[in-house]
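> My questions concern the predicted model and sequence given below.
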Amino acid sequence: MSFKKLINNQIVSAPGVDSLIKENNPEGYFTKTDVLNNLDRLSSDPKLRYLIGNTNFLFSAMKQNISFTKMPQHIVENGQGYTWLALRVGRVSRNIKVPHFGEMQRLIDDYAMGVTKISSTLEELYDEASS
């Protein structure tokens, strides 16, 4: 098999993820507890509340299949993982910082590489985790 076929086979065979929740999809990225606990924690801390807005923006952008303008930059601050992302929205590039919970870093990397497609917003993910 040629290298090109190998790469094409990997991309073609990589399934789009219908559910991001592990309880509903073994290939998912988050448990229900990951989603609920982390979003509740972020919303209860006024200093971290902006991260929910950033995460919501990210999920909306991914659902619309908006590309990142740079490779994601994963960092750790005070023991917490984050990713800095740059997305082009209209004519401007917007930089956002997104917290890691569950397998957020893998989700971002898979999306950046075109391995997975996102079909839900953060609100829909939260609703699915709540059910």
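Noted; the coordinates are in hand. Quantities reported herein were computed from a predicted structural model and do not represent experimental measurements.
> The top helix by length along the chain - what's its average pLDDT?
Determined from DSSP state H, the single longest helix within the chain is helix 49-63. Per-residue pLDDT over helix 49-63 has a mean of 96.
> And the next helix or strand past the worst-scoring helix or strand of the chain on mean pLDDT?
Within the chain, no helix or strand scores below helix 3-13, which has a mean of 48 by mean pLDDT, DSSP states H and E. Next in sequence after helix 3-13, counting helices and strands by DSSP states H and E, comes helix 32-44.
> Report all helices and strands that that following helix contacts.
Judged by 3 or more Cβ pairs under 8 Å, 6 or more residues apart in numbering; DSSP states H and E, helix 32-44 is in contact with helix 49-63, helix 122-130. C-betas here are computed from N, CA, C, even on glycine.
> Mind doing that once more with 10 Å?
Taking 3 or more Cβ pairs under 10 Å, 6 or more residues apart in numbering; DSSP states H and E as the contact definition, the neighbouring helices and strands of helix 32-44 are helix 49-63, strand 92-99, helix 122-130.
> Which of the ones you listed has the highest mean neighbour count?
helix 49-63 (a mean of 18; mean count of other Cβ atoms under 10 Å).
> is it true that residue 89 touches residue 58?
No: using Cβ atoms under 10 Å, residue 89 and residue 58 do not qualify as a contacting pair, with a distance of 11.5 Å.
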